[in-house]
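> missing the sequence, but the structure's below:
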């Protein structure tokens, strides 16, 4: 008996990086969103290294200068140079977003897993609290919390804390429903039968499958946190001394910037905000596509 | 839909209102800030106060607003007040009650919100449906798809951009406030009504464009899912025309979940309207809230927040109750 040697056609498996780039080329919203985000990060990092941070605070430069070579984005009524103010503002906005979004996602994931995996009284408790809190507009409660603080106590970190307090319910409910459906899959039953512990199943079997969902809800939570802190600041509830983007718009609006012809003052933070929120929305859409293969196939 | 279900939902609504009023009651009292002292310190800074007299005034104010009673008593007074639609008296505009201030501002806010919510819902969903429908003309799809990008431009930023381009550069529309200065408010005078409408266009446009992106996006996703359904295929094979399929099979089914979305979006819509109103200086709830924040008028802040919260929660429950009328599949269960 002779063995026939069938020559296998040579398959060149592309490297991980090439695959990643190929995926990014297909998933346009994810790549455009990431590109804008990278540009913003580059602007902020370059700015932080080159500017004099003191110029982002009042009384440091001549006030009310239109954009020029010396002050590329102009200066405001209080004598801030708006270019460093934008750099610091972007940095602070990113800080609030990542901090609040991260903590909210963490709380949501922990509560969602506990609720769905253990069920029973814990589940109905967590679910009940979420359902009662969801119809209450979180922003209004945040207005009360921010308004109850002494003006001097409001910092970037308290802003993040205020935002976290009421932004974990959405993630909790999403993760909960995902874990509930995941729990019934066969691979979970198999690992249970083979004697795997609860923590092992959660971290080694269920969690890896939910990573795209968790990533998507993290980006969503960052978006929500940036949005909420921006709105609070626009109402004048932010840390008033800091050049947070919302604060700049609040200050411009209360000094009647458009009435007085200082158009550059509110425009700079508005454009920066559009870029931040736009890139986050695009990334979120792209991640949805990654997490939900049904959308992936149809496009 | 059984009576039992209705009672269950109404019970849930009462629970939500209780939770909201409890939160608005306890959060300010947990903080070290004393609203009355804060206000009088602000006044005292302008001079002319004897510190000893100040203490007497503060004590009498505390008695007047019931802030010297035990906490549980205060809590009971507050919750029972909320049940009677009594939100207390304004510190700043004493003796006007918070409810009076809200009622004066409410018609402005309701008109703005109603018009904007409806327009944004209809336009957004149409754009989304057209963007996802494979048979819509390509120029229409090209036109509709970029509206998804409006997701990244919330109403407040839309307002700044519109103010800059339309009001500041082109000088088409006024920069803010409810009507031109020096005009006598008189709603029987058509010139005045036109003036008011002109002042409302920009805020309304900001609100509509700023909230439309979400509808476009979700409707587009919904449309993509639905066009793969068997009944759409069946309708095509029956030989129905493109418009009939679009209207009766595609839109009708895709819109259903969007109505639930409308209930959920109400909160964001109201929030945005409040910030927009305070930015443009329109005489709605937003401006009442903004003035209260600026002047430390705490009963008004808490009153407005609680009022809006209750209104939004009630509307959400109402939409949920009426939803089965739209969707026969749920009615039958």
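Ah, there it is. Nothing here was measured: the structure is a model prediction, and the numbers come from that model.
> got the contact list for the most centrally placed residue in chain A?
Central residue of chain A (C-alpha atoms, centre = their mean): residue A:222, 1.8 Å from the mean position. Residues in contact with residue A:222 (C-beta atoms under 8 Å, 6 or more residues apart in numbering or on different chains) are A:97-98, A:100-102, A:280. Every C-beta, even on glycine, is put in place using the N, C-alpha and C of the backbone.
> got the contact list for whichever residue of chain A sits closest to chain B?
Using C-beta to the nearest C-beta, residue A:278 is the residue of chain A that sits closest to chain B, at 2.8 Å. For residue A:278, the contact set (C-beta under 8 Å, 6+ apart) comprises A:33, A:36, B:149, B:151-153.
> a strand runs through it, doesn't it?
No: applying DSSP: H, G, I helix; E, B strand; the rest coil, one finds residue A:278 to be helix, outside a strand.
> next one: the closest residue to chain A within the stretch 101-250 of chain B from residue A:274, what distance?
Using C-beta to the nearest C-beta, the single residue of the stretch 101-250 of chain B nearest to chain A is residue B:152, 2.8 Å away. Per C-beta to C-beta, to the nearest Å, residue B:152 is found 6 Å from residue A:274.
> so what does whatever residue of the stretch 1-150 of chain B ends up closest to chain A have for phi and psi?
Per C-beta to the nearest C-beta, residue B:31 is where the stretch 1-150 of chain B lies closest to chain A, at 3.9 Å. Main-chain dihedrals, residue B:31, degrees, to the nearest 10: phi -80, psi 150.
> and residue A:237, by the same measure?
Per degrees, to the nearest 10, the backbone of residue A:237 is at phi -110, psi 10.
> ok, it - contacts?
The contact partners of residue A:237, by C-beta under 8 Å, 6+ apart, come to A:143, A:146-147, A:154, B:293.
> let's see 10 Å
Residues in contact with residue A:237, defined by C-beta atoms under 10 Å, 6 or more residues apart in numbering or on different chains, are A:142-147, A:149, A:151, A:154, A:159, A:162, A:229, A:231, A:246-247, A:250, B:293.
> may I see the PyMOL selection of the buried members of these?
Buried residues within the contacts of residue A:237, by 16 or more other C-beta atoms under 10 Å in any protein chain shown, are selected in PyMOL with:
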select buried, (chain A and resi 142+143+144+145+146+147+149+154+159+162+229+231+246+247+250) or (chain B and resi 293)
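> mind checking which of the contacts of residue A:237 land in helices?
Under the assignment DSSP state H, the contacts of residue A:237 contribute A:142-147, A:159, A:162, A:229, A:231, A:246-247, A:250, B:293 to helices.
> now the contacts of residue A:278 as TSV including distance to residue B:41, secondary structure and pLDDT?
As requested, these are exported to TSV (distance: C-beta to C-beta, whole Å; DSSP: H, G, I helix; E, B strand; the rest coil; pLDDT from 0 to 100):
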residue	distance to residue B:41	secondary structure	pLDDT
A:33	47	helix	89
A:36	46	helix	93
B:149	48	helix	75
B:151	44	helix	76
B:152	42	helix	75
B:153	40	coil	84
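> point out where the chain drops to low pLDDT.
The chain I'm using is chain A. A:1-9, A:292-299 (pLDDT under 70).
> switch to chain B, please.
B:1, B:33, B:46-49, B:181-182, B:330-333.
> what segments of it are helices?
Secondary structure of chain B by DSSP H: the helices cover B:3-30, B:35-45, B:51-64, B:71-83, B:98-132, B:138-144, B:155-162, B:190-226, B:230-237, B:242-244, B:252-280, B:285-294, B:298-326, B:328-331.
> close to chain A, is the second one?
Yes: if you take C-beta under 10 Å from any C-beta of the partner chain as the test, helix B:35-45 does meet chain A, through B:35, B:38.
> quick check: the spatially most central residue of chain B vs residue B:112, distance?
Geometric centre of chain B, nearest residue: residue B:270, 1.0 Å, by C-alpha atoms, centre = their mean. Using C-beta to C-beta, residue B:270 is found at 11 Å from residue B:112.
> likewise residue A:121?
Look at residue A:121 and residue B:112: by C-beta to C-beta, they are 45 Å apart.
> equivalent analysis for residue A:276, please.
27 Å.
> same check on residue B:86?
26 Å.
> who has more neighbours out of those two?
More neighbours surround residue B:112 than the other of residue B:86 and residue B:112, with 22 against 15 (other C-beta atoms under 10 Å in any protein chain shown).
> so that one touches residue B:286, yeah?
Yes: counting by C-beta atoms under 10 Å, residue B:112 touches residue B:286, with 9.4 Å between them.
> shared neighbours, the two?
B:203, B:273, B:276-277, B:280.
> would CSV of these with neighbour count and distance to residue B:227 be doable?
Shown next, in CSV, are those (neighbours: other C-beta atoms under 10 Å in any protein chain shown; distance: C-beta to C-beta, whole Å):
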residue, neighbour count, distance to residue B:227
B:203, 27, 37
B:273, 27, 34
B:276, 26, 36
B:277, 26, 40
B:280, 24, 41
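> which single one of those residues is nearest to residue B:4?
residue B:273 (35.4 Å; C-beta to C-beta).
> leaving out the residues flanking it, which one is nearest to that closest one?
Leaving aside its sequence neighbours, residue B:273 sits nearest to residue B:113 (C-beta to C-beta, 6 or more residues apart in numbering or on different chains; 5.2 Å).
> and that neighbour, what does it touch?
Counting by C-beta under 10 Å, 6+ apart, residue B:113 has contacts B:204, B:207, B:266, B:269-270, B:272-274, B:277, B:284-285, B:311.
> could you dump the residues you listed to CSV with distance to residue A:17?
Compiled in CSV, those are given as follows (distance: C-beta to C-beta, whole Å):
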residue, distance to residue A:17
B:204, 49
B:207, 44
B:266, 45
B:269, 44
B:270, 47
B:272, 42
B:273, 47
B:274, 48
B:277, 50
B:284, 54
B:285, 53
B:311, 53
